[in-house]
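*Asks:* return a 3D structure for these sequence lines:
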Amino acid sequence: MSLLKLPHVVLAGFLIATSPVSVVAGEPALTPSVDFAKDVYPILQRSCFECHGAEKQEAGLRLDRRNDLLESGSVEPGNPHESELLRRVVLPRGHDEIMPAIGDPLSASQVDVLRRWIAAGADWPETFVAAEHWAYVAPHRPALPNIDDLAWPQSPIDHFVLHRLEAENLTPAPKSRPEKLIRRLYLDLIGLPPTADEVEAFVRDPSRRHYESIVDALLSRPQFGERWARPWLDLARYADSHGFQRDNFRDIWAYRDWVINALNDDMPFDQFTIEQVAGDLLPAATASQKIATGFHRCTPTNVEAGSLPEETRIEQVIDRVNTTGAVWLGTTLECCQCHDHKYDPFTTKEYYQLLAYFNNTVQEADRANPKQPSSIKFQGPSMPLQDPPRDQQRLALQRQLDDVKDQQQQRREQLSAGLDEWGEGLSEWIAQSPQAHTLEVIEFESEGTTDSYERLDDGSILLQGGDPPDKDRYRVLVTAQVPRVTAIRLDVLLDESLPDSGPGRNERRNFVLNDFHVERVATAVADDGAETVEQKQSLSFSAAKASFSQKNYPVAGAIDDDPKSGWAISPQQGKLHWATFVLDEPIELAAERPLAITMTQHFGRALTIGRFKLSVVTGDVDAEAVPEAIARAARKSPAEWSDKERKTLVQYRVERDKAFNALDKQIAQLQKQLKQLAPDTTLVMIELDRPRTPAVFERGDYRTPGDPVEPGTPAVLHPRPDGPENRLTLARWLVSRDNPLVARVTVNRWWMELFGAGIVTTPEDFGIKGEPPSHPQLLDWLAVELMDKGWSMKRLLKTIVTSATYQQSSNVRYELRDVDAENRLLARGPRFRMDAEMIRDNALAISGLLSLRQHGPSIRPYQPDGVWSKVGGEAYDYEVSPGGERHRRGIYVVVKRGSPYPSFINFDATARLACTVKRSRTNTPLQALTLLNDPVYVEAAQALSSRIAAERGDASIDDQIKFAFQLCTARQPNASELATLRHLYRHQSDSADPMYGVATALLNLHETITKD
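*Replies:* Next up is the predicted model:
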């Protein structure tokens, strides 16, 4: 019986029985005090002062000064129910009177702060003076605060947390159970669950010393870098494709591997920053440092037809400024692109001063064809990756190739030396061979366009203009003096002025020739002698041959009188093509009787020929054709050959020499092998020799540059260091100890990864509109600790995870539900759903399928058929990676911006179209459906069932279930959970694999995909 056929009561009872939320009775809820400067003023500043502050007073109301607020009547001290301000802020979203009128409504916690402040008397100290925003003041290491419970702290972190809890008359939660704590630690540090043996070892010895040894071991594992690279790659907007509609692939996976290696090596964060922002500008920059600059090469790139290269470049530069502001400054700099920041002290001029640092790199997209304004292509820049074993193979192959080329050159010299003797018998052979004779164009008309055309030196016609008609008909009047013509030949040629060289005039480069019609034209004098009359004779064809014909579009379709048929050449666009139309009877072609050739192309979609040449053929059309230049030379004696003719004849002989061609095949094979061993490449930043001239863009539009600017940094922040005005100086400015933001912003993101929310819950915005820190002194202590300890990420993470704060149980107590439902006070441990990549890695690890192979090109796991082709066309077929490759970690899953991996998107991963500082965390039915039906999770459930049989096959069913439960949750099931799973197993007893249903249910548990 399948899992989906089980009675609902069984599943419901099981999910309730295994729910991770437990509520522990405690003290009655207490009302914490409110600090005006710390709690109230920031809310008023963020939400009220824009419309009711110093610069603007809507409805005559001003709230940024004590007397104005109290005299306005909007606040009734001691009586929140009669306060108009409070009434307005609690109105439902969309209400006409809700405040703030602009932006998001206040959160429940913010409303509660205002309510408690008003209830306590709405105290606004007369001595209060609004200070400079806390985030723009450099952090200093605060002294550890006094606490009552000296036994609880295990880290300086705990002093700050406990001080806040004691101020609110709260106590921390007990320490988490060993099996829960060890699972939390593994997931946080390496993103994978512990094995059953690792859990049991810690349960036996949960001592602090053992715990710290586990921390050290996990920090040294290579999986650490893979786990912590994921949030950084969100910031870097790393992806394997350009984005936009033409979502072509790019090679930049080496940058992803660089991030993993740098994190595993515990590269100091300041150096980590410098190499990514400006590694290419470091003295004697290494290959690794250049690869690091891929951070700012991850920008989406628009290469759709019609895109403007300069607009694309500016959009990338703007993205780099905005990303830099978000990642290192926690600032919404993008607001300054068009105007001065409305809340924070950053100006438009300063924005473009920062932009100047990124404005001097090599252009990454440009015209594919200068003559085609709508054409655009991606052009790098990139660098080859070093691979010593492969480089040695390439060197050996190159030596072989050089040797064969030498042999070929010797053979060419031999053939050239015997040319005179060979040429004596050439004319007799050529007499029977078909020869093409280029026709002279007398007139040309294009029915569907007014575009001009050009007659080229080789006798061909080139259509000009970038806007071809939907349909067209060419009429060409040609002449020549040629006896016994057996066929008419059409050559369809390439040209750089055509889209991707053609031969078609449209973006597809194809054409459809529906009809090829030829008439002989003569003029005669009318009977009355007053005028001349044009006489025409249609020529008929017996057959047609072509270099290539598209499926269902044979060349014979151009002469069959069927208007729906025709000749086309897809998918062999970009190549030279010819068609020969064999006459029913040979004709004599005289200058006074020209040919009128009509080429009808009425398929539509501008599928018309861009460049062509017309010839007549003499001789046997079924014999090997001889080029016209060879035929002319053959009519002469060797003594009469010009140097050019001799050179042409040598080349003709060489191309037909068996020995030479055998060497040619060897060369082609060696070149193919070299191509297969071509070095991988990665995108990098390259600085221009001559910088561009930067300017402020009026209203953010690059087409209207305003005042010129010099590279610079915001005045509200620390001074810029001495040095050249380039990205390297900017990078060093970013990680200066004087920067008040970078260390705070960085440690806050790491804290968010561990606790689910940052000390500042708006990690993307440390400005006025951002949330204030819940523990400002703790944030400053962590920031200074990071800098003082050499910017070491691993040292700081160890400090955090060895703290008592981190090791608390995540169980919710009654006293905290109203006071701190969101755990801002940190009175319990973290509990939240894993990220998309971790959920997948967790399932694969539990099942035993996970491959720990590192690095290299991205992988393609199972996904629904046809997703890529529906979005991007048939060119984007999705081939699932073979074998264990598809079971590698989620960090290696391909990121195609236009069609990201559906399983990850369902769990709130992003398409990496822009810098993502914090992912959303939603709960939707799609997630349950994904865990039940996605091939990865079905495969994981099957493998888990097989693992249970392999490792516990001799045990009882109860023991097998306990083993599986522990693999998924790190703990043993209680009696109720065990009974439910036993019942589930029995309901599956008729199936081939009854344990599969149990495995599926366990992998679908909320507890399995939750870190707590």
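
*Asks:* domain-wise, how is this protein divided?
*Replies:* 3-20+935-1011, 36-119, 228-379+690-752, 414-433+626-675, 434-622 (automatic domain parsing).

*Asks:* need those domains in CSV (columns: mean pLDDT and mean neighbour count).
*Replies:* From N, CA and C alone the C-beta is placed, and that goes for glycine too. Shown next, in CSV, are those (pLDDT from 0 to 100; neighbours: other CB atoms under 10 Å):
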stretch, mean pLDDT, mean neighbour count
domain 3-20+935-1011, 84, 18
domain 36-119, 87, 16
domain 228-379+690-752, 93, 20
domain 414-433+626-675, 82, 14
domain 434-622, 89, 17
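
*Asks:* just put those domains in TSV and tack on distance to residue 865.
*Replies:* What follows is the domains of the chain, written out as TSV (distance: least, CB to CB, whole Å):
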stretch	distance to residue 865
domain 3-20+935-1011	11
domain 36-119	41
domain 228-379+690-752	18
domain 414-433+626-675	31
domain 434-622	22
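
*Asks:* for residue 197, find the nearest of those domains.
*Replies:* Nearest to residue 197, of all those, is domain 3-20+935-1011, at 10.5 Å by CB to CB.

*Asks:* ok, now which ones touch the nearest residue to residue 563 once chain neighbours are set aside?
*Replies:* In this structure, residue 563 finds its nearest non-sequential neighbour in residue 514, 6.0 Å apart by CB to CB, 6 or more residues apart in numbering. Going by CB atoms under 8 Å, 6 or more residues apart in numbering, residue 514 touches 557, 558, 563, 564, 565, 566, 600, 601, 602, 603.

*Asks:* how near is residue 514 to residue 488?
*Replies:* 17 Å (CB to CB, to the nearest Å).

*Asks:* now residue 731: which helix or strand?
*Replies:* Element membership for residue 731 (DSSP states H and E) is helix 727-734.

*Asks:* again, but for residue 128
*Replies:* Of the helices and strands defined by DSSP H and E, none includes residue 128.

*Asks:* about what we covered before: now the helix holding residue 731: how far from the chain's centre is it?
*Replies:* 26 Å (CA atoms, centre = their mean, to the nearest Å).

*Asks:* before we move on, what about stretch 942-952?
*Replies:* For stretch 942-952, the distance to the chain centre is 37 Å (CA atoms, centre = their mean).

*Asks:* hmm, who's touching it?
*Replies:* Residues contacting stretch 942-952 (CB under 8 Å, 6+ apart): 846-849, 959-960, 963-964, 967, 993, 995-996, 998-999, 1002-1003.

*Asks:* quick check: what element follows the biggest helix by length in the chain along the chain?
*Replies:* In the chain, assigned by DSSP state H, the helix with the most residues is helix 388-417. Going down the chain from helix 388-417, the next helix or strand is helix 419-423, by DSSP H and E.

*Asks:* tell me which strands and helices that following helix is in contact with?
*Replies:* Counting by 3 or more CB pairs under 8 Å, 6 or more residues apart in numbering; DSSP states H and E, the packing neighbours recorded for helix 419-423 are helix 643-655.

*Asks:* show me what contacts the closest residue to residue 517 other than its chain neighbours?
*Replies:* Spatial nearest neighbour of residue 517, excluding adjacent residues (CB to CB, 6+ apart): residue 598 at 4.4 Å. Contacts here follow CB under 8 Å, 6+ apart; on that basis residue 598 touches 473, 474, 475, 476, 515, 516, 517, 518, 519.

*Asks:* how about residue 174?
*Replies:* So residue 174 contacts 808, 809 (CB under 8 Å, 6+ apart).

*Asks:* go again with 6 Å.
*Replies:* If a contact means CB atoms under 6 Å, 6 or more residues apart in numbering, then residue 174 has residue 809 as its contacts.

*Asks:* what do you get for the one 5 residues further on?
*Replies:* Contacts for residue 179 were tallied using CB under 6 Å, 6+ apart; they are 199, 203, 970, 971.

*Asks:* what's the first helix or strand after whatever helix or strand residue 441 lives in?
*Replies:* According to DSSP H and E, residue 441 maps onto strand 440-446. Moving toward the C-terminus from strand 440-446, the next helix or strand (DSSP H and E) is strand 453-455.

*Asks:* quick one: contacts of that next one?
*Replies:* Counting by CB under 6 Å, 6+ apart, 441, 444, 461, 462, 463 sit against strand 453-455.

*Asks:* wait, isn't residue 244 in contact with residue 302?
*Replies:* Yes. Using CB atoms under 6 Å, residue 244 and residue 302 qualify as a contacting pair, with a distance of 4.6 Å.

*Asks:* what's the following helix or strand after the strand ranked longest in the chain?
*Replies:* For the chain, the longest strand by residue count, based on DSSP state E, is strand 577-589. Heading C-terminal from strand 577-589, the first helix or strand you meet, by DSSP H and E, is strand 595-601.

*Asks:* ok, and what's touching whichever helix or strand comes after that following strand?
*Replies:* Next helix or strand after strand 595-601 toward the C-terminus (DSSP H and E): strand 611-618. By CB under 6 Å, 6+ apart, the residues outside strand 611-618 that reach it are 434-439, 459-462, 478, 482, 484-489, 491-493, 495.
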